Structures are given as structure tokens and as C-alpha cells.
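A.B. asks: Generate a structure from the sequence data that follows.
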Amino acid sequence: MSSSRVTPRAKLRIDRSGDPLDGLVNLFDLGIVLAVAFLLAALQSVNLTDLLTRQNVTVVRTDASGKTLITKQGDQIKTVRLSNKTVTGAGQRVGEVFRLNDGRLVYVQGAANPTAPTTP
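C.D. replies: Numbers count the residues shown, from 1 in each chain. I've put the predicted structure just below:
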């Protein structure tokens, strides 16, 4: 049997191998970076990156099951599924909605004469 001995010269040298778990920390950091990259790629593929950047956003998505309205106001995100059903019922007129030239919608409450055209 041979005995292994440490020579005095070997004791003077510093250990350059380092901690074997240092590489694991780097892999964890790489995993976090990849997770964020995949999240951004998924949002980009469905054109929803505005949800990360803008304060108030409204997105209308159309697919085989119908339309979906996604609205973000501040930190709250709401999803509403729209249907093609016609709704009938009794009630009274409370106002009108106009689309301006710049695309904004304006609601005018309680028009004075419902038969006459009005402008905001």
C-alpha cells in the first residue's frame, strides 16, 4: 500500500480550483435571464408588449372563438369576451357615442332631441 503524503512545497501553493458550487450560481442567473427572454418573446408573438410599457392600453383580439377585449388601467388587467349575440330589451336612451377624427370616443349623456343629429 502506498501512502500519499503532502510535500511541504505543495502546502505553500494556494488552491486555484475554487468552490465547485460557483458554477451553479452562474447557471441560476442564466436561467432567470432565459425565463425573462422567453416571457418577452411570448408577449411579442401575440403583440402584447404594450401591456408592459404603457399605462393604459386596450387590445381587441379576434380568434375562432370570438373577440376578446383586454384592457389595462394602471396595474389592473381585465379581459372581456365579446359575443355576436343580439340583445333586445326595453329601456330608455341615455346618451350617444361619437368617434372623433383622431380616433377617440366621446360619450354625450342624455341628448336633448334623439331624432336630431348632434355633434360633441
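A.B. asks: beta partners of K72?
C.D. replies: V57, I77 (DSSP bridges).
A.B. asks: Pretty sure it sits against N56.
C.D. replies: Yes - contact between K72 and N56 holds when scored by CB atoms under 8 Å: they sit 6.4 Å apart. Where C-beta positions appear, they are placed from N, C-alpha and C, glycine not excepted.
A.B. asks: what about the strands in this structure?
C.D. replies: For the chain, the strands identified by DSSP state E occupy 56-63, 66-73, 76-82, 95-99, 105-109, in order along the chain.
A.B. asks: what about L48, how many neighbours?
C.D. replies: Close neighbours of L48, defined as other CB atoms under 10 Å, add up to 16.
A.B. asks: which residues does it contact?
C.D. replies: The neighbourhood of L48, defined by CB atoms under 8 Å, 6 or more residues apart in numbering, consists of 59, 70.
A.B. asks: now do L52
C.D. replies: Contacts were defined as CB under 8 Å, 6+ apart; by that measure L52 touches L43.
A.B. asks: returning to that earlier point: for D19, find the nearest of the strands of the chain.
C.D. replies: Closest to D19 of the strands of the chain, according to CB to CB: strand 76-82, at 43.1 Å.
A.B. asks: who's in contact with that closest one?
C.D. replies: Contacting residues not belonging to strand 76-82 are listed as 51, 65-72 [CB under 8 Å, 6+ apart].
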